[in-house]
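>>> 3D model of this:
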Amino acid sequence: MNCPTAPRPASPPPPSPAHEVSRLRDVTPRQWKTGIAACLGWLFDGLDMHLYTLVAAPFVMQLLQAGAVTDAAVREKSSWIQAAFLIGWALGGGFFGRLGDRMGRSRALCLTILTYAAFTGLSAVAQTWWQLMIFRFLSALGIGGEWAVGASLLSETWPRRWRPWIAAVLQTSANIGVLGACATVYLMAGINPRYVFLVGILPALLTSWIQRQVPEPEEWKAARQHAAKAGPGVADLFRGEVRRTTLLTMIVCATSLTAWWAFLFWHPQHLRNLPELAAWPAAARDQLVSRTFFFVILTSVAGNFFGGALVKWLGYRRGILLMFVGFFVAMCSTFLQTPHWQALVWFWFPVTGFFSGVFGLFTMYMPPLFPTLLRTTGAGFSYNIGRIAAAFGTVFFGLFSQVGDFRRALLYASFLFVPAIAVALVLPEPRELYEAPPVNEPAD
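This next block holds a predicted model:
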């Protein structure tokens, strides 16, 4: 039930500190199960998320019966489809985040995985571009929800001192899923691009194991028992002490994610349309795009652990700030020039991908900023609201660019990291807030 003033949403009495394990063999079976569930959820999340990114141009060209991937209609419709996906991601983060706070982390996690698996698979039967847009929107609801639920599940069950490394592992799981998407598209090059979406059905097999083996966190159960029937509502994100946190994280996520998704979605199209590749067969260009995406994501994995090391050394605020500075310098430098395609593939694109490790930090940084019964709602809303801005940016930068040349649009997109850097200077550290340590989990 929402409080009329609600300076701070109701929290349970502070629990006893969690046992801070120093060795992997001291991690309890329950903690291992939650870790495996969240990581596999993120892995398949990354797979389903990027299957479309890699085949957008040829698949939309097929649906529109256009003559070439450089057709203006292909660029326009593919950007609208991606925008719908990002909006669905944002709405799913809020919707499933709320479910995660109300019905539990494990049950909500199963629902998110089933949602994105089912509608990714259905994308294979789309006959028009707007049907594909609907399927991508619905699959994104689950992907956005999985981020908030999985992050909260781990932040409530694993020791606090390990959170930066957990964040790196969790984000790396998503990166591995993206590499799986790269491998899928590479191996299926020359085949009808619609069939790659059938691989996206695989995550549904994970949900039966989660239902049987992954219990709800003790911290969530204690908070749920202590709270009023309805608990705090979404409006409480904009009341009292929580409001500042919500607004700051929204701004940081909106600006940085818009720039990152402009890069993620349009750099494959930029590469595919370079004049020096014009004489290449379509299958060869598709394979080059897949390999390049592979290199970008591979360096992102290194960036995840580099970001974790920065946080252990400097704290979350300074770590996020330095990663944003590096992101801006790398992306701006990449599109400030017109290097040969080999330089783009082997150096500039991967360097930009390295600094995307900053988004891995958000997985463990953001949930503890919010009270327990607002945790998945707050983290899901604040992080995924950036997808709304990213959706607008994807369409804007796609329409802004000249046909076949996205360099200038991507250069301007890099400047969105400037306001992200400014806001990162005043981000809170989790220890400055009212979050209690995780409750001890039974050893099973």
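>>> Shouldn't Gln337 be within a helix?
No. Using DSSP: H, G, I helix; E, B strand; the rest coil, the assignment for Gln337 is coil, not a helix.
>>> mind listing what it touches?
Contact analysis of Gln337 by C-beta atoms under 8 Å, 6 or more residues apart in numbering lists nothing. Yep, even glycine has a C-beta here, placed from its N, CA and C like the rest.
>>> List the buried residues for stretch 112-127?
Neighbour counts over stretch 112-127 (16 or more other C-beta atoms under 10 Å) mark 112-113, 115-124, 126 as buried.
>>> JSON lines for those residues, including secondary structure, distance to Val311 and pLDDT?
Listed next are the buried residues of stretch 112-127 as JSON lines, based on DSSP: H, G, I helix; E, B strand; the rest coil; distance: C-beta to C-beta, whole Å; pLDDT from 0 to 100:
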{"residue": "Thr112", "secondary structure": "helix", "distance to Val311": "26", "pLDDT": "89"}
{"residue": "Ile113", "secondary structure": "helix", "distance to Val311": "28", "pLDDT": "89"}
{"residue": "Thr115", "secondary structure": "helix", "distance to Val311": "31", "pLDDT": "92"}
{"residue": "Tyr116", "secondary structure": "helix", "distance to Val311": "29", "pLDDT": "89"}
{"residue": "Ala117", "secondary structure": "helix", "distance to Val311": "32", "pLDDT": "90"}
{"residue": "Ala118", "secondary structure": "helix", "distance to Val311": "36", "pLDDT": "92"}
{"residue": "Phe119", "secondary structure": "helix", "distance to Val311": "35", "pLDDT": "93"}
{"residue": "Thr120", "secondary structure": "helix", "distance to Val311": "32", "pLDDT": "91"}
{"residue": "Gly121", "secondary structure": "helix", "distance to Val311": "37", "pLDDT": "91"}
{"residue": "Leu122", "secondary structure": "helix", "distance to Val311": "39", "pLDDT": "93"}
{"residue": "Ser123", "secondary structure": "helix", "distance to Val311": "36", "pLDDT": "93"}
{"residue": "Ala124", "secondary structure": "helix", "distance to Val311": "40", "pLDDT": "92"}
{"residue": "Ala126", "secondary structure": "coil", "distance to Val311": "41", "pLDDT": "93"}
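>>> wait, what's in contact with Ile201?
Applying C-beta under 8 Å, 6+ apart, the residues contacting Ile201 are 117-118, 120-121.
>>> Kindly reformat those residues as a markdown table containing distance to Ala302.
Conversion of the contacts of Ile201 to a markdown table gives the following (distance: C-beta to C-beta, whole Å):
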| residue | distance to Ala302 |
| --- | --- |
| Ala117 | 29 |
| Ala118 | 33 |
| Thr120 | 28 |
| Gly121 | 32 |
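>>> what's the closest of the residues you listed to Val351?
Val351 has its nearest neighbour among the contacts of Ile201 in Thr120, at 30.1 Å by C-beta to C-beta.
>>> Skipping adjacent residues, who's closest to that closest one in space?
What sits nearest to Thr120 in space, not counting adjacent residues and going by C-beta to C-beta, 6 or more residues apart in numbering, is Gly200, at 3.1 Å.
>>> so the one you found, which of the three states?
When classified by three-state DSSP, Gly200 comes out as helix.
>>> sorry, back to before: can you tell me which of the buried residues of stretch 112-127 is nearest Met133?
Taking C-beta to C-beta as the measure, Met133 lies nearest Ala126 of the buried residues of stretch 112-127, at 8.5 Å.
>>> Show me where the stretch 151-300 of the chain dips below the pLDDT cut-off.
Along the stretch 151-300 of the chain, the model assigns pLDDT under 70 to residues 227-234.
>>> That one: helices as residue ranges?
For the stretch 151-300 of the chain, the helices defined by DSSP state H, counting those that start in this stretch cover 163-187, 206-213, 218-226, 240-272, 282-314.
>>> Mind checking these for the one nearest to Ile421?
Across those, Ile421 has its closest neighbour in helix 240-272 (9.1 Å, C-beta to C-beta).
>>> Could you figure out how far that closest one is turned away from helix 282-314?
In terms of direction (axes from the mean of the first three to the mean of the last three C-alpha atoms, to 10 degrees), helix 240-272 departs from helix 282-314 by 150 degrees.
>>> Thanks again, I'm all set now.
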